[in-house]
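Enquirer: Quick one: sequence plus predicted model below, questions after.
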Protein chains: 2
Amino acid sequence: MAKIIDGKKIARDILLDLKSKVDKCDKKPGLAVILASDDDSSKLYVESKEKKSLALGYKSCIYRFDKSITQGKLIQLIHELNADKGTNAILVQLPLYKHLDAQQILELIDPRKDVDGFHPINVGKVSCGLKPYAYCCTPKGIVKLLKAYNISLAGKNVVVIGRSNIVGKPVAMLLSNENATVTLAHSKTKNLKSITKEMDIIISATGQSKLIKADMVKKGAVVIDVGITRHYNGTLSGDVDFEKVKEVAGYITPVPGGVGPMTIASLMENTYELFLEQNK
Amino acid sequence: MAKIIDGKKIARDILLDLKSKVDKCDKKPGLAVILASDDDSSKLYVESKEKKSLALGYKSCIYRFDKSITQGKLIQLIHELNADKGTNAILVQLPLYKHLDAQQILELIDPRKDVDGFHPINVGKVSCGLKPYAYCCTPKGIVKLLKAYNISLAGKNVVVIGRSNIVGKPVAMLLSNENATVTLAHSKTKNLKSITKEMDIIISATGQSKLIKADMVKKGAVVIDVGITRHYNGTLSGDVDFEKVKEVAGYITPVPGGVGPMTIASLMENTYELFLEQNK
């Protein structure tokens, strides 16, 4: 029976520690969040980020736009936020409305305020083993979770399933920098099971509900579930067939309560770190 | 018996094609090469780049420095080359003298003139699946070699051994973008043989002579050798035990005459592409 990795608890500890640091600051970190989407999940994520920001005493500002928002207006807002001294961190909640060019927007954010670590220069720095202004939130949260449970990474065989710019690719880089041997699998991978079965650590970030079955997991392996599928009845499930896989794995993250809280904790941490850096 | 991949021939074809394009241009591409090292291999590489540049009619300029060169002077040179309209491409031959900070220099090169694709913004773009100003030369050359021999990449299991910023990491990214399932192995990888034996394609870039033995290779696999070790008697050998591995592999690159010529061909191609981009 696997040990359940309690992301909620680890995230709470990070946020408590952060709160005590922020309380000592005269100025407060400023986080700008742009929501240009009517996606329900995005709205929920933004609310949750707003709540955590307020609880920490951040000056957070949410910019909500309906479908009439144009690329030009969004670009103008990014320029204003880049120039605004009270804004230390800028987050563009993805996906944007289909008529908007998200990549162009992401590349216009000042890399020093790029709280999500999505700007190519921050991505490139991580790839080169250098310190970026901010690490991508979910990958950073995953590494923190593993370290919190003293799960060593050096020399471990890890498969990351899903090669998004938000999770899969950056987490593969971070784990490689931590000396793990990383395989990046994806929708074009053949015979996924033959790969996952050999792995010490499985990180699944596909959004395909119950993709990872018990017979795909080596006994004692660490299973990190980054997927979230919302069902019509309001319940959530992950990429992993949790009930069955937990009988085989050594460690497993639940959904919800695993990686999710760590993503928000990392976002809050990144905001604070960017704030510190800009006020040195 | 493996088919020998003839990098020399493919590179020659690329250069011939390039020559005919350059001949039609009124202005010629300008390549600046900085050699601040007394490393013998680096000197040879730079000479070879100079020769190819001249053969193509490029305006190439080699800046050779002895050990008295300072970081400040090198920075000043980079600024001058960035501003110089006749210089389309800037190459800093690595490694630099030990007292110099190579990373700082690389990051000061205008990304639009970064012919090696080493600037974090170009690295990040490749990672995000976007087009960089230039792709790293060796990885680009490897993908071209594979394509020249109609070796399909989608769904193939590939191991890249060695995680340098110059070869290992960027080639892993390129191959992942080509829909291969890529494992990035390195010096901390345990039981390398158990990994390589399962792979359709092995790309070794460690500089460890004869690291890859015949019993580490699946029958029919493609073996790409990026390693170069210079022996005291003047001969070269690669990472792969060529004579024995060629009995098992389906395709294999020799050293010399495999990946090496492709690296220079890619450099010449990149110079031309940066020139075109800057003269649009």
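Expert: Arrived safely, thanks for sending. Residues are numbered from 1 along each chain as shown, chains lettered A, B, ... in the order given.

Enquirer: On the three-state scheme, A:Ile10 is what?
Expert: helix (DSSP: H, G, I helix; E, B strand; the rest coil).

Enquirer: how deep is the closest residue to it other than its chain neighbours tucked in, by neighbour count?
Expert: Sequence neighbours aside, A:Ala148 is the residue nearest to A:Ile10 in space, at 4.7 Å (criterion: Cβ to Cβ, 6 or more residues apart in numbering or on different chains). C-beta here means a position set from N, CA and C on the backbone, and glycine is covered the same way. Applying other Cβ atoms under 10 Å in any protein chain shown, we find 17 residues neighbouring A:Ala148.

Enquirer: what about the closest residue to A:Lys218 other than its chain neighbours, distance to A:Ile264?
Expert: Leaving aside its sequence neighbours, A:Lys218 sits nearest to A:Lys197 (Cβ to Cβ, 6+ apart; 5.6 Å). Using Cβ to Cβ, to the nearest Å, we find A:Lys197 at a distance of 32 Å from A:Ile264.

Enquirer: Comparing those two, which residue is more hemmed in?
Expert: A:Ile264 (21 against 15).

Enquirer: per-residue confidence at that one?
Expert: Note for A:Ile264: predicted pLDDT of 97.

Enquirer: Run through the residues that contact it.
Expert: A:11, A:48-49, A:52, A:137 (Cβ atoms under 8 Å, 6 or more residues apart in numbering or on different chains).

Enquirer: In three-state terms, label A:Leu31 for me.
Expert: Following three-state DSSP, the label given to A:Leu31 is strand.

Enquirer: Is it bridged to anything, and to what?
Expert: Beta-bridge partners for A:Leu31, by DSSP bridges, are A:Ser60, A:Ala89.

Enquirer: who's in contact with the residue nearest to A:Lys140 when sequence neighbours are not counted?
Expert: If you skip the residues right next to it in sequence, A:Lys140 has A:Ser266 as its closest partner in space, 4.4 Å away by Cβ to Cβ, 6+ apart. Counting by Cβ under 8 Å, 6+ apart, A:Ser266 makes contact with A:135, A:137-138, A:140-141, A:144.

Enquirer: and if you look at A:Cys25?
Expert: By Cβ under 8 Å, 6+ apart, the contact set of A:Cys25 is A:Phe275.

Enquirer: Just confirm it is within a strand.
Expert: No: secondary structure of A:Cys25 (three-state DSSP): coil, not part of a strand.

Enquirer: from memory A:Asn179 sits against A:Leu153, does it?
Expert: Yes: counting by Cβ atoms under 8 Å, A:Leu153 is a contact partner of A:Asn179 at 6.3 Å.

Enquirer: of those two, who's got more company?
Expert: When neighbours are counted by other Cβ under 10 Å, A:Asn179 and A:Leu153 differ, and A:Leu153 comes out ahead with 22 against 17.

Enquirer: now the helices: where do they sit in the stretch 151-280 of chain A?
Expert: All helices of the stretch 151-280 of chain A, identified by DSSP state H, counting those that start in this stretch, fall at A:168-177, A:192-196, A:242-245, A:259-278.

Enquirer: at contact distance from chain B, anything in the second one?
Expert: Yes: Helix A:192-196 reaches chain B (Cβ under 8 Å from any Cβ of the partner chain) through A:Ile195.

Enquirer: which residues are in contact with that helix?
Expert: A:159, A:161, A:183, A:185, A:189, A:202, A:212, A:215-218, B:157, B:181.

Enquirer: same check, this time on the first one
Expert: Helix A:168-177 is contacted from outside by A:117, A:123, A:126-127, A:129, A:135-136, A:138-140, A:142-143, A:153, A:158, A:160-163, A:182, A:184, A:186, A:203, A:205, B:127-128, B:163, B:169, B:173, B:176, B:184, B:186, using Cβ under 8 Å, 6+ apart.

Enquirer: Could I get the average pLDDT for that helix?
Expert: Taken as a whole, helix A:168-177 carries a mean pLDDT of 98.

Enquirer: Taking their axis directions, that helix and helix B:168-177 sit at what angle?
Expert: 150 degrees (axes from the mean of the first three to the mean of the last three Cα atoms, to 10 degrees).

Enquirer: May I have helix A:168-177 as CSV, with CA atoms only?
Expert: In CSV, the C-alpha atoms belonging to helix A:168-177 read as follows (Å, rounded to 0.1, in the frame of the first residue of the first chain):
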residue,chain,number,x,y,z
GLY,A,168,6.0,18.1,-19.2
LYS,A,169,9.0,19.7,-20.8
PRO,A,170,10.0,21.9,-17.9
VAL,A,171,9.6,19.2,-15.3
ALA,A,172,11.8,16.9,-17.5
MET,A,173,14.5,19.6,-17.5
LEU,A,174,14.3,20.2,-13.8
LEU,A,175,14.6,16.5,-13.0
SER,A,176,17.5,16.1,-15.5
ASN,A,177,19.2,19.0,-13.7
